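> A predicted structure for the sequence below; I have some questions about it.
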Amino acid sequence: MIVCVCHNVSDRKIRQAVSEGVTTMPQLREQLQVGTCCGKCHSCAKTVLRESLEEG
Ligand code: FES
């Protein structure tokens with residue numbers, strides 16, 4: 001599933017970033033540029049980030 005269309009970021013990419021140590025939205029933004037264009041993906045990216053963190 002693509003979370004961020006502007007930067008072509010999938011939920012898998014977010015999970016991978018989490019496995020590499022990302023724990024917050026600002027870190028995710030820095031690594032994958034999620035939400036830095038139109039911003040529409042912000043809440044979806046946040047949900048995927050939270051789920052990934054909960055899954056460990
Ligand atoms: Fe993520 Fe536009 S869809 S910034």
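Yep, it's here.
> is any residue of the helix or strand in which residue 18 is found near the ligand?
Using DSSP states H and E, residue 18 sits within helix 11-19. No. Using Cβ under 6 Å from any ligand atom, helix 11-19 never reaches the ligand; the gap is at least 11.5 Å. Bear in mind the C-beta positions are built from the backbone N, C-alpha and C, glycine included.
> pull the distance from stretch 9-20 to the chain's centre.
Counting by Cα atoms, centre = their mean, to the nearest Å, stretch 9-20 is centred 6 Å from the centre of its parent chain.
> mind listing what's buried along that stretch?
For stretch 9-20, burial by neighbour count (16 or more other Cβ atoms under 10 Å) applies to 9, 11, 13-15, 17-18.
> possible to save the residues you listed as CSV with pLDDT?
Converted to CSV, those look like this (pLDDT from 0 to 100):
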residue, pLDDT
9, 98
11, 97
13, 98
14, 98
15, 97
17, 98
18, 97
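> residues of the helix or strand encompassing residue 44 that come out buried?
Assessed by DSSP H and E, residue 44 sits inside helix 42-55. If you call a residue buried by 16+ other Cβ under 10 Å, then helix 42-55 has these buried ones: 42, 44-46, 48-49, 52.
> ditto for stretch 20-34
Neighbour-count burial for stretch 20-34, counted by 16+ other Cβ under 10 Å, picks out 22, 28-29, 31-32, 34.
> how about residues contacting that stretch?
With contact meaning Cβ atoms under 8 Å, 6 or more residues apart in numbering, stretch 20-34 is reached by 3-4, 6-7, 9, 13-14, 17, 35-36, 41-42, 45-46, 49, 53.
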